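# I would like the atomic coordinates for the input below:
(one chain, ligands or ions: 1)
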Amino acid sequence: MDKLTIDNFKEMLRNALVCVTERSDEFSKLDAVLGDGDHGTAIVQSMSALVATADKGTEFKSMLNDMSFSLMLEISGSTSTLLGGFFLGMSDHAAGTELDAAGVKAMFAGGLAGVRKQTKAQQGDKTMMDALIPAVGAIQACDSADVKAILAAGAEAALKGAEATVDMKANFGRARNYGERSIGYADSGASSWSCMFDAFAKAL
Ligand SMILES: [Mg+2]
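Sure, this is the predicted structure:
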């Protein structure tokens, strides 16, 4: 497919909600290794809010902007803040009702820039950035003009990135205090963001 329409994008979000809901217990259990065990609930609540706002959207820029602001107003916590930054960053680099391959790449690059405004975590710190940074990198590097192929490349890189967090020691935020205990488990946020990218690709 050479264009991503706004309806395609809404379908991607709805599929992401289905995916994170199915795996919600797994995300909470992973979060409980290093934190408070609420990540499954937080990601499902956040994706639900995003889908509800997106359903009213008629144009990429305003829809993405509205999604971000209503999410951050409705739900507090880091999951909401990071997803809010992602969709707000996307809104800075998307407009109209359909995007071509270059437009999709620019939108996802904007999403990563938006998340970077909310966290200083780097790749290797065992956070959702370990899924997001490779996913956006693979999206940029994909030389296909097929939007589905571009998103599939992002999903594959996100999955590999999330799997790589199993062997990492937490190096960011409160999770740092757990040191060696964090090794052997995937990061909950990297897992849920990789689930989201996988659902994006499979929705098309
Ligand atoms: Mg938590």
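# Distance check, the residue lying farthest from the centre of the chain against Ala32.
Going by Cα atoms, centre = their mean, the residue of the chain most distant from its centre is Glu180, 26.4 Å out. Distance, Glu180 to Ala32, by Cβ to Cβ, to the nearest Å: 17 Å. All C-beta atoms are positioned from the backbone trio N, CA, C, and that covers glycine.
# Next: Met72.
According to Cβ to Cβ, Met72 stands 25 Å off from Ala32.
# Could you check which of the two is surrounded by more residues?
Neighbour count, other Cβ atoms under 10 Å: between Met72 and Ala32, Met72 has more, with 20 against 15.
# out of everything not next to it in sequence, what's closest to that one?
Gly84 (4.1 Å; Cβ to Cβ, 6 or more residues apart in numbering).
# Same question for Ala141.
Nearest residue to Ala141 in three dimensions, chain neighbours excluded: Ala153, at 7.4 Å (Cβ to Cβ, 6+ apart).
# which residues are contacting the strand or helix carrying the one you found?
Here Ala153, judged by DSSP states H and E, is contained in helix 147-164. Residues outside helix 147-164 that contact it (Cβ atoms under 8 Å, 6 or more residues apart in numbering): 1-4, 8, 12, 99-101, 104-105, 108, 123, 130-139, 141-142, 144, 186-187, 190-191, 193-194, 197-198, 200-202, 204.
# make it 6 Å
1, 4, 104, 130-131, 134-135, 138-139, 142, 186, 190-191, 194, 197-198, 200-201, 204 (Cβ atoms under 6 Å, 6 or more residues apart in numbering).
# In whichever strand or helix holds Val136, which residues are buried?
Per DSSP H and E, Val136 falls inside helix 129-141. In terms of neighbour count (16 or more other Cβ atoms under 10 Å), helix 129-141 has its buried residues at 129-139.
# now swap in stretch 82-98 and tell me
82-94, 98.
# Give the rounded mean pLDDT of the helix holding Val136.
For helix 129-141, mean pLDDT rounds to 98.
# just stretch 158-171 next, same as before
Regarding stretch 158-171, the rounded mean pLDDT is 96.
# Output it as CSV, nothing but the C-alphas.
This file holds the C-alpha atoms of stretch 158-171, laid out as CSV (Å, rounded to 0.1, in the frame of the first residue of the first chain):
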residue,chain,number,x,y,z
ALA,A,158,10.9,-3.3,18.3
LEU,A,159,10.5,-7.0,19.1
LYS,A,160,14.2,-7.6,18.9
GLY,A,161,14.8,-4.5,21.0
ALA,A,162,12.3,-5.7,23.7
GLU,A,163,13.9,-9.2,23.7
ALA,A,164,17.3,-7.6,24.2
THR,A,165,16.1,-6.0,27.5
VAL,A,166,16.0,-9.5,29.1
ASP,A,167,19.8,-9.5,29.5
MET,A,168,20.0,-5.8,30.5
LYS,A,169,20.4,-4.4,34.0
ALA,A,170,18.0,-1.6,34.7
ASN,A,171,19.8,1.7,34.5
